[in-house]
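# give me coordinates for this.
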Amino acid sequence: MNDPHARAERAHLRPRGSSQGGLRQYNERVVLQAIRLHGALPGAEIARLTGLTAQTVSMITKSLIDDGYLRKGAPVRGKVGQPSVPLSLAADGAYAIGIKVGRRRLDTLLIDFSGQPCGRWSLDYRFPDPDEVLAELRQRFSAVRRKLGPDARLRLQGVGLAAPLSLSSWQALLGVTPAVAERWNRLDLRDAVADLCDWPVHSMKDTAAACVAELVAGRGRGMHSFLYIFVDTFIGGGLVIDSHLRNGLTGNAGAIGSMPLGLPDAHGPAPQLLSVASLHTLEQAWRDAGLSDPGFAGPEALQAPWRAATLGWVDKAATAIAHAINGAVCLLDLDGVIIDGAIPRELLDTLIAATSAAMRRSNWEGVGAPQLLAGTVGPDAGALGGALLPLHANFAPDRDLFIKEHA
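Predicted structure coming up:
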């Protein structure tokens with residue numbers, strides 16, 4: 001294969017093991033990670049990818065099969081020698097719950113060991129009320145227990161919580177009452193969720209969790225360094241450098257929604273990207289046009305009578321996003337920019353095409369414009385990224401890939 005992106009993916013997604021003693025658990029994780037990243041593999045290919053000896057791989061895979069984490073496939077006969085037996089992750093080997101607490105919707109996702117959803121629940125609201133969110137999660141945890149049953153329930157690894165760093169921010173823009181904002185300020189959401197269940201709870205900023213999903217299960221597997229942009233009620237993002245999510249000192253790395261769109265003047269600071277390129281702004285554009293809110297579950301946004309207002313928002317949002325990308329690339333040497341969102345694919349493609357056109361109008365003298373790609377995960381990205389946190393904590397060899405352990 002001569003595809004440079006394919007070569008890059010093979011190079012930086014190759015977990016390396018050790019055949020030295022005392023590293024059995026680490027090597028087990030290396031084997032599981034190789035299969036998770038590359039799909040079903042025979043023992044010889046696992047040894048080649050990981051650098052482990054054939055004997056070490058044989059012992060490890062036998063143990064993982066016995067423990068219920070790997071499954072044998074049908075033998076594949078080659079031209080010579082014994083047929084090879086591909087090994088894949090056993091879907092029922094482990095489970096995890098992902099929660100996305102958004103400003104318009106609460107998503108709960110149950111995934112299996114292969115990362116595939118096997119249960120999904122959602123609750124829409126105008127703005128989240130803490131008591132309502134926690135009551136809903138209590139019901140969802142009960143539903144997960146019933147769905148898994150007593151045996152599979154023992155294989156549930158934990159909960160990954162994805163939420164904005166501050167749900168009380170931008171009160172005026174969202175029309176949030178000070179009383180509700182103050183209740184969110186007083187609540188430690190991670191601790192509150194942990195009180196509802198007996199599973200470990202990991203937490204991460206919602207857009208960073210969405211970035212995790214793209215990094216592990218999407219286009220991010222073929223990129224060393226990229227800016228991830230997720231268009232939701234507000235626009236946000238994540239930053240991956242050298243195949244690792246970078247959260248920064250306070251967790252704000254990749255907070256592209258807060259980027260200013262110009263210089264301050266006598267009237268005050270410049271508007272932020274989220275004030276132009278967010279779904280909240282699109283909803284306001286529909287209201288200003290005297291239209292009802294069709295939501296983002298179907299294709300209505302690009303159909304009459306909403307199409308004209310939607311395309312007007314797309315033009316402004318794309319220009320603003322291109323401006324933010326231009327500024328980011330002046331600071332970071334990126335392989336590309338990935339854009340996804342809680343919107344239908346047709347609307348996402350329209351926004352990306354308009355952003356690409358706006359980037360061609362930007363001044364790139366002195367820097368190179370990055371490639372612009374559509375994300376592959378979609379609206380489930382935040383909840384899926386959350387669910388991947390406990391799986392990664394318990395089964396991946398590189399604990400520093402995107403989890404910062406809390407003291």
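# check what pLDDT the most centrally placed residue in the chain gets.
Centroid check for the chain by CA atoms, centre = their mean gives residue 210 as the closest residue, at 2.2 Å. pLDDT, residue 210: 96.
# over to residue 340?
pLDDT, residue 340: 98.
# what number of residues lie near the residue nearest to it when sequence neighbours are not counted?
Leaving out its chain neighbours, the residue that sits closest to residue 340 by CB to CB, 6 or more residues apart in numbering is residue 375, at 2.6 Å. Where C-beta positions appear, they are placed from N, C-alpha and C, glycine not excepted. Neighbours of residue 375 under the rule other CB atoms under 10 Å: 23.
# in contact with residue 375: list those residues for me.
214, 218, 219, 228, 230, 338, 339, 340, 341, 348, 381 (CB atoms under 8 Å, 6 or more residues apart in numbering).
# give me the distance from stretch 262-276 to the chain's centre.
Mean-position distance between stretch 262-276 and its chain equals 29 Å (CA atoms, centre = their mean, to the nearest Å).
# off-centre distance for the helix or strand hosting residue 389?
Assigning secondary structure by DSSP states H and E places residue 389 in helix 381-395. Here helix 381-395 is found 9 Å from its chain centre; the criterion is CA atoms, centre = their mean.
# buried sites along it?
381-393, 395 (16 or more other CB atoms under 10 Å).
# before we move on, the earlier item: so how far is residue 386 from the residue nearest to residue 340?
According to CB to CB, to the nearest Å, residue 375 stands 16 Å off from residue 386.
# try residue 341
Taking CB to CB, one finds residue 341 at 17 Å from residue 386.
# cool, residue 319 as well?
Distance from residue 319 to residue 386, by CB to CB: 32 Å.
# return the distance of the helix or strand hosting residue 190 from the chain's centre.
For residue 190, the host element (DSSP H and E) is helix 189-194. Taking the mean of its C-alpha atoms, helix 189-194 sits 20 Å from the chain's own mean (CA atoms, centre = their mean).
# following element in sequence after that helix, please.
Trace forward from helix 189-194 with DSSP H and E and the next one is strand 201-205.
# mind giving me the packing neighbours of that next one?
strand 156-163, helix 189-194, helix 381-395 (3 or more CB pairs under 8 Å, 6 or more residues apart in numbering; DSSP states H and E).
# then that strand to CSV, C-alphas only?
In CSV, the C-alpha atoms belonging to strand 201-205 read as follows (Å, rounded to 0.1, in the frame of the first residue of the first chain):
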residue,chain,number,x,y,z
VAL,A,201,-17.1,7.0,37.3
HIS,A,202,-14.6,8.8,35.0
SER,A,203,-15.3,12.3,33.7
MET,A,204,-14.2,14.5,30.8
LYS,A,205,-15.3,17.7,29.0
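# which residues does that strand contact?
Here strand 201-205 has contacts from 158-165, 189-190, 193-194, 212, 236, 238, 247, 251, 385-386, 389-390, 393, 402-403, using CB under 8 Å, 6+ apart.
# go with 7 Å
Residues from elsewhere that reach strand 201-205, judged by CB atoms under 7 Å, 6 or more residues apart in numbering: 158-162, 164-165, 190, 193-194, 251, 386, 389-390, 393, 403.
# also stretch 143-162?
Contacts of stretch 143-162 (CB under 7 Å, 6+ apart): 92-100, 110, 119, 121, 189-190, 193, 197, 199-204, 206, 209, 382-383, 385-391, 394.
# least trustworthy helix or strand in this protein by mean pLDDT?
helix 4-12 (a mean of 37; mean pLDDT, DSSP states H and E).
# near residue 356, how many other residues are there?
15.
# cool, residue 275 as well?
17.
# any idea how far it lies from residue 62?
Taking CB to CB, one finds residue 275 at 57 Å from residue 62.
# packing partners for the helix holding residue 190?
strand 156-163, strand 201-205 (3 or more CB pairs under 7 Å, 6 or more residues apart in numbering; DSSP states H and E).
# go again using 10 Å as the cut-off
Under the contact criterion of 3 or more CB pairs under 10 Å, 6 or more residues apart in numbering; DSSP states H and E, helix 189-194 touches strand 95-101, helix 130-153, strand 156-163, strand 201-205.
# if I look at the closest residue in space to residue 192 that isn't next to it in sequence, what pLDDT would I see?
Using CB to CB, 6+ apart and skipping the chain neighbours, the partner closest in space to residue 192 is residue 134 (5.8 Å). Listed pLDDT for residue 134 reads 97.
# now do the buried residues in the helix or strand residue 285 falls within.
Secondary structure assignment for residue 285, by DSSP H and E: helix 279-288. The neighbour-count check on helix 279-288 (16+ other CB under 10 Å) flags 279, 280, 281, 282, 283, 285, 286 as buried.
# how about the residues you listed in JSON lines, adding pLDDT and distance to residue 37?
Listed next are those as JSON lines, based on pLDDT from 0 to 100; distance: CB to CB, whole Å:
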{"residue": "279", "pLDDT": "96", "distance to residue 37": "32"}
{"residue": "280", "pLDDT": "93", "distance to residue 37": "36"}
{"residue": "281", "pLDDT": "95", "distance to residue 37": "38"}
{"residue": "282", "pLDDT": "97", "distance to residue 37": "36"}
{"residue": "283", "pLDDT": "95", "distance to residue 37": "38"}
{"residue": "285", "pLDDT": "97", "distance to residue 37": "41"}
{"residue": "286", "pLDDT": "97", "distance to residue 37": "42"}
